[in-house]
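Asks: My questions are about this predicted structure, shown below with the sequence.
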There are 2 protein chains.
Amino acid sequence: MTGDAHQFLADGLVTSPQRFIAGGSYVGLKTYAPDKMDVGLLLSELPCRTAGVYTTNKFVSPSVTLTRQNVDAGKVRGVFVTSGIANAGVGEQGMTDVKECLQLAADHLGVGADELGAGTTGVIGVELPMALIRGGMSGITVNGDGGAAFARAIMTTDRVPKSAAVSFTCADGETVTIGGCVKGSGMIHPNMATMLAFLTTDAAVDGAFLDAALRNCSDDTFNMVTIDGDTSTNDMVLLLANGAAGNAEINEGSPDAEAFGAALYALCSHLSRELVRDAEGSSKIFSVRVAGAASKTDARLAARAIAASLLVKSAIHGNDPNWGRVVCAAGYSGADLDVSKVSFFINDVAIMEGGTPIPFHRESVIAIMSREEVALTVTLGMGGHEATAWGCELTEEYVVFNSAYTT
Amino acid sequence: MTGDAHQFLADGLVTSPQRFIAGGSYVGLKTYAPDKMDVGLLLSELPCRTAGVYTTNKFVSPSVTLTRQNVDAGKVRGVFVTSGIANAGVGEQGMTDVKECLQLAADHLGVGADELGAGTTGVIGVELPMALIRGGMSGITVNGDGGAAFARAIMTTDRVPKSAAVSFTCADGETVTIGGCVKGSGMIHPNMATMLAFLTTDAAVDGAFLDAALRNCSDDTFNMVTIDGDTSTNDMVLLLANGAAGNAEINEGSPDAEAFGAALYALCSHLSRELVRDAEGSSKIFSVRVAGAASKTDARLAARAIAASLLVKSAIHGNDPNWGRVVCAAGYSGADLDVSKVSFFINDVAIMEGGTPIPFHRESVIAIMSREEVALTVTLGMGGHEATAWGCELTEEYVVFNSAYTT
């Protein structure tokens, strides 16, 4: 599934790690189709350490606010999700409704409402039809095979469910698994745009280490993907760790810390790429690696500005090696740069070196750009930091799709 | 031409103010068509005070660098322009070429090369074909009727030339005229994206006042329009004042200061709106007025974020009153806000008040949104500052057009 050494499980799911159960059902929040689901539950049968990363939008859904409160209180070991309606922009009713959702879910699962988070996604500004949720909660069957249904229950305009799991062996021999699913599509942008990601692991992990690992990993993966530049009201990434693998607790200095971080990165990187690949109207994705930056922040700024540029996205769509747009985007990104030190490559073909274009063979570069995945590399020559962002082409289909989302 | 009280001249041009001459010609930088021009000259027959505002992109054309030097040295009274090639991203050759262009233009006009600025726009990364410019310079005839040709000479993907002029009467009875032309289309974004604007006036104006007036006015007009979010290497706005009207010099405290500022604002606001109206693939524009902001900066941030949002632009295209996208964009703009105080109106119809949606009549709002110009208003309820940004719809045509700009 990816080119790196990590062992991805066949058909990996949020229920791949031990002692996680999940399920999904359809209650009518979205137009009906045979395989559609719009409510879901995920639960660890054991207590969890849980870490979260949330949208930075000041217009935030009460679902995010309540989830953050519960996660911070330290007891969260499960999630209730709905798709089709965001539960945002509905005034105080939003908090009332999400609280009732969690109570209904808690009663159904036999846990406390403060042991759950809530992920909601969809149209902003319409209230959750609570009658449908009240009537449908008991229809959600949760079990160890339910990860696939749960991944379907968070989809909105996603074309396919996106799940994966990765495992590694601890220094003491225990096998640890990390699973996850993600929904994206539209409004995906650095810093948590309408994206929900739920990650589970049976590793025993120290709480502070779990927080730091999720934050670092999100900055390099979920926060480096961009589809249309809008960030949303409802984004969150949760990572639940239940310790069922029986490993020695992983913390900053422990022998398994690096392996855990690397496995988490491999999983999140894979899910991020799949998320961009599934973007509205897009059939082609591209990576933007910025190297030689003066700081990590500069590398991220430049990579994200290039990946987010509409002109770059349009050029990718048209197989147009218009490198000026790429360097121009780096120039306005805020990253420190000196054009006379900038070089640019499409896949491995040098297009510009030291601020001056190289006479490249146009036909061969167009051929490279016609592939389903294009790799752009910009070297700034200012230092030793790098970052990679992911973007997708801008297509006519995107416009058609998004001009009539609520109509 | 606009709804305000300012007296716009019929067929206003950069040559409408007294003692400005201009002209344009075709030398072959762009594909030939009967009415196409790609080089132009503008000159004041009298010495000028000149103010400039330039791109903030770190990847900057030597044309901008040289112009800024000459303007800062205080002798600029004319401009040489080319369109089709940006003279950016070509290493040291770029400065060599723009210096030769100004020398050729100066020799042709009988002035010093340090009395001219250079505006270049077009494809990045290819060198100016100097042989064509050397051969063609003498073909540019400048005279008092040449403002229309000059406006054509700066066009790239613009569909129509965009010029205007406005006049007012000074306290002492003299008539002062301000003229201008602008090119935009694609890569138009706050903070000077591929936009060239050349403004002329026969007013006598103090240098410091001229600088301040241009900067303030640009922040509220040219820097508040957005087409695709990319900012460019070549943007500049120049304002040349030659004093031919014989008025008492206008400075901060003089009786004509306010009238001059208001007339300049009316002209730049009009040109900005025309620039958005002429955007690639767009036939519909929208204004975003943010009021009740805690600061002017907040008002501008929120208005520009909304106008730049692809999801908002797509919704405008589809006549979709998806107000969630509007409020969401305000939320991630960086402006200080409290959702429970936010209200939103489409034209004058209330859609959301105090953070809660109002059950509006959908059909009538769709009808309003079907007009060629749509007015969005967001009130933040945080203070007394406001700003207005302009954007255009995102169309399928934009994507088709920009996926093959260099191919």
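Replies: Okay, I see it.

Asks: Every contact and neighbour count from this point should use C-alpha atoms.
Replies: OK.

Asks: Tell me the residue in chain A that is farthest from the middle.
Replies: For chain A, the residue at maximal distance from the C-alpha centroid (CA atoms, centre = their mean) is A:P359, at 38.5 Å.

Asks: Ramachandran angles for that one?
Replies: When read as degrees, to the nearest 10, the backbone of A:P359 gives phi -70, psi 90.

Asks: By mean pLDDT, point me to the weakest helix or strand of chain A.
Replies: helix A:396-402 (a mean of 61; mean pLDDT, DSSP states H and E).

Asks: got the residues of the stretch 51-200 of chain A near chain B?
Replies: Where the stretch 51-200 of chain A comes near chain B, counting by CA under 8 Å from any CA of the partner chain, the residues are A:T56, A:N57, A:K58, A:F59, A:G89, A:V90, A:G91, A:V123, A:I124, A:G125, A:V126, A:M187.

Asks: what's the fifth one in contact with, if anything?
Replies: Contacts here follow CA atoms under 8 Å, 6 or more residues apart in numbering or on different chains; on that basis A:G89 touches A:F59, A:S61, A:I124, A:G125, A:V126, B:G324, B:V339, B:G355, B:T356, B:P357.

Asks: what's the answer for A:R159, then?
Replies: Shown in contact with A:R159 (CA under 8 Å, 6+ apart): A:D278.

Asks: Read off the pLDDT value for it.
Replies: A:R159 carries a pLDDT score of 84 in this model.

Asks: in the stretch 101-250 of chain A, what residue is nearest chain B?
Replies: With CA to the nearest CA, the shortest gap between the stretch 101-250 of chain A and chain B falls at A:I124, namely 5.1 Å.

Asks: quick one: that residue and B:G324 touch, right?
Replies: Yes - assessed by CA atoms under 8 Å, A:I124 is found in contact with B:G324 at 5.1 Å.

Asks: hang on, the earlier thing: scan the residues of the stretch 51-200 of chain A next to chain B and report the most crowded one.
Replies: A:G89 (29 neighbours; other CA atoms under 10 Å in any protein chain shown).

Asks: what about that residue, helix or strand, and which?
Replies: Secondary structure from DSSP states H and E places A:G89 outside every helix and strand.

Asks: Do you know the pLDDT at it?
Replies: Residue-level confidence at A:G89 comes out at 86, pLDDT.

Asks: swap in A:S269?
Replies: 92.

Asks: What residue, apart from its backbone neighbours, is nearest it spatially?
Replies: A:T221 (5.2 Å; CA to CA, 6 or more residues apart in numbering or on different chains).

Asks: ok, now which ones touch the one you found?
Replies: Contact analysis of A:T221 by CA under 8 Å, 6+ apart lists A:Y265, A:C268, A:S269, A:S272, A:A389.

Asks: what's the answer for A:I351, then?
Replies: Applying CA under 8 Å, 6+ apart, we find A:I351 in contact with A:W323, A:S343, A:F344, A:F345, A:P357, A:I358, A:P359, A:F360.

Asks: how about a cut-off of 10 Å?
Replies: A:321-323, A:343-345, A:357-362, A:365 (CA atoms under 10 Å, 6 or more residues apart in numbering or on different chains).

Asks: Which positions in the top helix by length along chain A come out as buried?
Replies: Ranked by residue count and defined by DSSP state H, the top helix of chain A is helix A:257-277. By 16 or more other CA atoms under 10 Å in any protein chain shown, the buried positions in helix A:257-277 come out as A:257, A:259-277.

Asks: other SSEs contacting it?
Replies: Counting contacts by 3 or more CA pairs under 10 Å, 6 or more residues apart in numbering or on different chains; DSSP states H and E, helix A:257-277 packs against strand A:7-8, strand A:162-169, strand A:175-183, strand A:196-201, helix A:207-220, strand A:225-226, strand A:285-293, strand A:385-392.

Asks: Over to A:A149: give its phi and psi.
Replies: Taking degrees, to the nearest 10 as the convention, A:A149 sits at phi -70, psi -40.

Asks: right, and A:G207 touches A:C48 too?
Replies: Yes - counting by CA atoms under 10 Å, A:C48 is a contact partner of A:G207 at 9.5 Å.

Asks: With neighbour numbers in mind, choose between the two.
Replies: A:C48 (26 against 18).

Asks: Skipping its backbone neighbours, what lies nearest the more buried one in space?
Replies: Closest to A:C48 by CA to CA, 6+ apart is A:N242, at 4.4 Å.

Asks: show me what contacts the one you found?
Replies: By CA under 10 Å, 6+ apart, the contact set of A:N242 is A:17-20, A:44-50, A:77, A:200-205.

Asks: How confident is the prediction for A:L240, by pLDDT?
Replies: On the pLDDT scale, A:L240 gets 98.

Asks: pretty sure it is in a strand, no?
Replies: Yes - counting by DSSP: H, G, I helix; E, B strand; the rest coil, A:L240 falls inside a strand.

Asks: Contact partners for it?
Replies: A:14, A:20, A:43-44, A:47-52, A:71, A:76-79, A:178-180, A:198-203, A:205, A:210.

Asks: at 6 Å what do you get?
Replies: A:R49, A:T50, A:T200 (CA atoms under 6 Å, 6 or more residues apart in numbering or on different chains).

Asks: cool, A:L376 as well?
Replies: Shown in contact with A:L376 (CA under 6 Å, 6+ apart): A:S287, A:V288, A:F345, A:I346, A:N347.

Asks: tally of neighbours for the closest residue to A:A106 other than its chain neighbours?
Replies: Spatially, and ignoring its direct neighbours in sequence, A:A106 is nearest to A:A113 (5.0 Å; CA to CA, 6+ apart). Look at A:A113: counted by other CA under 10 Å, it has 21 neighbours.
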